[in-house]
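A.B. asks: no letters, just coordinates:
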């Protein structure tokens with residue numbers, strides 16, 4: 001099984017990813033917990049570049065870098081794990097690129113999807129949990145952090161477009177993408193996620 005988590009920065013997905021991983025481990029189910037971009041030596045290096053404030057990165061370059069990191073992760077980590085019956089839990093996957101680079105940056109959506117298709121080589125999540133969070137609450141959470149990376153500093157207008165992108169994706173693929181409010185408590189959100197997984201696993 002391949003599970004991905006999506007949502008704007010501050011939605012709490014990284015926390016839910018870790019808790020879900022612990023849940024599977026408690027059931028003696030083999031898991032692989034990874035993040036995007038990242039998960040391989042090459043992809044982690046690309047992550048450093050993408051999130052650094054030291055580089056001026058064009059929108060197209062950003063798209064290509066995310067896609068290069070994703071392809072490396074899919075080919076060397078995700079696909080082998082799935083083939084070995086391991087439950088893969090990924091903190092972001094290709095939906096992030098559609099939402100952030102397509103809707104957020106304003107790049108051509110169909111071209112973004114085409115590049116995604118090339119990068120993932122047919123590997124798609126069985127379930128995607130979209131943790132939906134209003135921009136004002138996301139900002140409140142972000143203000144508590146010591147610093148924001150390059151993408152987190154993109155501004156409200158950008159993130160409103162990203163949310164629009166995620167909403168569109170969820171509406172287009174309701175069987176795969178499950179919308180969960182990220183306003184509730186950590187334990188409540190986790191229970192909703194586990195309840196759904198129990199129905200299909």
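C.D. replies: Received the coordinates, thanks. This is a predicted model, so every value here is computed, not measured. Residues are numbered from 1 along each chain as shown.

A.B. asks: which residues are in contact with stretch 187-201?
C.D. replies: Stretch 187-201 has contacts (Cβ atoms under 8 Å, 6 or more residues apart in numbering) with 1, 3, 12, 16, 19-20, 23, 126-127, 129, 131, 178, 180-182. Yep, even glycine has a C-beta here, placed from its N, CA and C like the rest.

A.B. asks: can you flag the buried ones in the residues you listed?
C.D. replies: Burial of those was assessed by neighbour count (16 or more other Cβ atoms under 10 Å); the buried members are 1, 3, 12, 16, 19-20, 23, 127, 129, 131, 178, 180, 182.

A.B. asks: can you tell me which of the residues you listed is nearest residue 81?
C.D. replies: Nearest to residue 81 among the buried ones among the contacts of stretch 187-201, counting by Cβ to Cβ, is residue 1 at 10.4 Å.

A.B. asks: residues near the closest residue to the closest one other than its chain neighbours, how many?
C.D. replies: In space, and not counting its chain neighbours, residue 1 is closest to residue 87: 4.8 Å by Cβ to Cβ, 6 or more residues apart in numbering. Neighbour count for residue 87, taken as other Cβ atoms under 10 Å: 22.

A.B. asks: for residue 87, give me the pLDDT.
C.D. replies: For residue 87, the pLDDT comes out at 98.

A.B. asks: next, give phi and psi for it.
C.D. replies: For residue 87, the backbone dihedrals (degrees, to the nearest 10) come out as phi -80, psi 120.

A.B. asks: now do the one 4 residues further on
C.D. replies: In this entry, residue 91 is assigned phi and psi values of phi -80, psi 90 (degrees, to the nearest 10).

A.B. asks: what number of residues lie near the spatially closest residue to it that is not a sequence neighbour?
C.D. replies: Of all residues not flanking residue 91 in the chain, residue 35 sits nearest, at 4.0 Å (Cβ to Cβ, 6+ apart). Close neighbours of residue 35, defined as other Cβ under 10 Å, add up to 19.

A.B. asks: residue 35 and residue 9, how far apart?
C.D. replies: Distance, residue 35 to residue 9, by Cβ to Cβ, to the nearest Å: 13 Å.

A.B. asks: same question, residue 54
C.D. replies: As defined by Cβ to Cβ, residue 54 lies at a distance of 20 Å from residue 9.
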